[in-house]
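# Provided below for reference: sequence and predicted model.
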Amino acid sequence: MDPGMERIREQIKSMKCFGLDHSFEIIFDKQFLAPYARLDDLILTYPEYGGSAVYMMLAADRLELTGIDFAHDPPVIEYRNAATGETGRLDNLWFFPFPVPRAGLHMKILSSTVLEVGIREEWRRRYPHLADYAPLSIGLADLVVQSRRDRETTDPYEILYIGSSKDVYQRLTRHETILKIYRHIMTAQPNRELFVLLLKPKPKFYRQSPGGSIQLTLSSSVWDREGPMKADVGAENLLLIAEAMLINYFKPKFNEHYAHTRPSLSQAAYARLLEGGVKHIQVNLNLFMQPYKVRLSLRTDSRSTEGAKHVTVYGALESLMRGPEEDILCGEAMPDELYDLLMGEGERD
């Protein structure tokens with residue numbers, strides 16, 4: 001047997017979540033992280049992340065722009081951590097699809113977290129191919145990620161709230177709890193910044209074969225009634241199940257429902273899964289943001305994902321429906337190469 005596949009088999013054997021047969025797995029095949037203060041820009045620029053989604057409200061140390069060093073080409077962006085006072089410099093930045101020398105750039109700080117970058121008018125007249133590029137307003141968080149794209153880094157966040165919606169952008173702009181959290185950060189913790197992590201769910205189903213290996217069968221975002229389990233939980237129930245399980249596992253401080261009670265949000269949906277042959281439910285959370293090589297280290301008062309790129313939260317369907325209210329969910333870190341295989345991504349580049 002190929003040494004790589006043998007290693008994969010050993011990893012599978014070592015993890016409890018892969019001893020679960022007839023398991024319904026919820027993955028997030030699309031995800032996006034952005035500062036909540038730039039939500040309006042997010043809605044205009046990334047409409048594909050709207051619609052149905054699970055979301056997490058996260059808090060991190062606030063980073064502030066302090067200056068631009070034009071002695072380098074490209075210019076170096078200077079910033080400080082408002083919570084710790086530490087300073088940093090961002091190089092390796094190219095703001096357009098092709099390098100533009102510093103002499104051709106117009107740059108200014110619009111706010112403590114937003115930088116404007118444009119091409120000088122004389123350069124636009126001199127080089128017609130530059131005329132199509134309008135000035136850019138770039139958030140500091142994006143600049144940090146771009147500057148570090150050649151190496152793997154870890155960014156710590158605190159999970160404050162988890163929710164879901166069929167119209168996530170509308171929910172993020174109007175939900176009273178989210179607005180309460182935003183006001184809390186602005187007034188009580190001005191040295192911190194609020195972020196939103198959007199997660200687009202998709203289901204999979206796998207069962208243990210007689211030979212002991214795992215066979216994966218992909219399904220659509222809404223189960224087809226003629227699919228592998230002849231069950232249809234519906235897109236809305238998919239959101240609610242994922243939301244409830246993540247809340248119950250992480251227990252964010254601003255969540256009231258399901259943080260300390262059984263995540264039995266939809267008994268009808270669970271019953272359909274049971275009739276379809278499901279015995280366990282899993283939620284896989286990818287914490288490694290490719291292609292920028294950023295690992296999200298998430299924590300609450302009771303949980304931490306530190307050191308893990310991928311976390312699986314799982315529980316028995318019977319327990320989710322009728323079990324005790326505490327300690328019905330478990331979590332395991334998943335090795336990178338195993339996660340890639342199960343997600344259908346193959347080998348990393």
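Ah, there it is.
# ok, and what's touching stretch 191-198?
Stretch 191-198 has contacts (Cβ atoms under 8 Å, 6 or more residues apart in numbering) with 30-37, 39, 42, 49, 53-63, 82-83, 113, 141, 157, 160, 168, 172, 181-182, 185, 296. (C-beta placed from N, C-alpha, C; glycine too.)
# quick check, Thr187 in a helix?
Yes - under DSSP: H, G, I helix; E, B strand; the rest coil, Thr187 sits within a helix.
# what's the burial count for it?
Residues near Thr187, counting by other Cβ atoms under 10 Å, number 8.
# now Val144
18.
# correct me, but it touches Asp91?
No - counting by Cβ atoms under 8 Å, Val144 stays clear of Asp91, with 11.6 Å between them.
# if we can go back for a sec, I'd like to know which of the contacts of stretch 191-198 are part of strands.
30-35, 53-61, 63, 157, 160, 296 (DSSP state E).
# PyMOL command to pick out the buried ones of those?
To isolate the buried ones among the ones in strands among the contacts of stretch 191-198 in PyMOL, judged by 16 or more other Cβ atoms under 10 Å, type:
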select buried, resi 31+32+33+34+35+53+54+55+56+57+58+59+60+61+63+157+160+296
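# residues near the closest residue to Val76 other than its chain neighbours, how many?
Distances taken as Cβ to Cβ, 6 or more residues apart in numbering place Asp69 nearest to Val76, at 4.1 Å, with adjacent residues excluded. Neighbours of Asp69 under the rule other Cβ under 10 Å: 12.
# equivalent analysis for Asp73, please.
A count of nearby residues for Asp73, using other Cβ under 10 Å, gives 12.
# name the element it belongs to?
Under DSSP states H and E, no helix or strand contains Asp73.
# how about the nearest residue to it, chain neighbours excluded?
Per Cβ to Cβ, 6+ apart, closest to Asp73 is Arg102, 4.5 Å.
# need the contact list for the one you found.
Phe70, His72, Asp73, Pro74, Pro75.
# which parts of the stretch 101-250 of the chain are helices?
121-126, 140-147, 168-174, 176-188, 235-250 (DSSP state H, counting those that start in this stretch).
# which one of these is the most hemmed in?
helix 235-250 (a mean of 23; mean count of other Cβ atoms under 10 Å).
# average pLDDT across that helix?
Mean pLDDT, computed over helix 235-250, is 88.
# packing partners of that helix?
Contact partners of helix 235-250 among helices and strands, from 3 or more Cβ pairs under 8 Å, 6 or more residues apart in numbering; DSSP states H and E: strand 23-35, strand 53-61, strand 153-165, strand 192-208, helix 267-275, strand 280-286, strand 310-316.
# I'm done for today, thanks for sticking with me.
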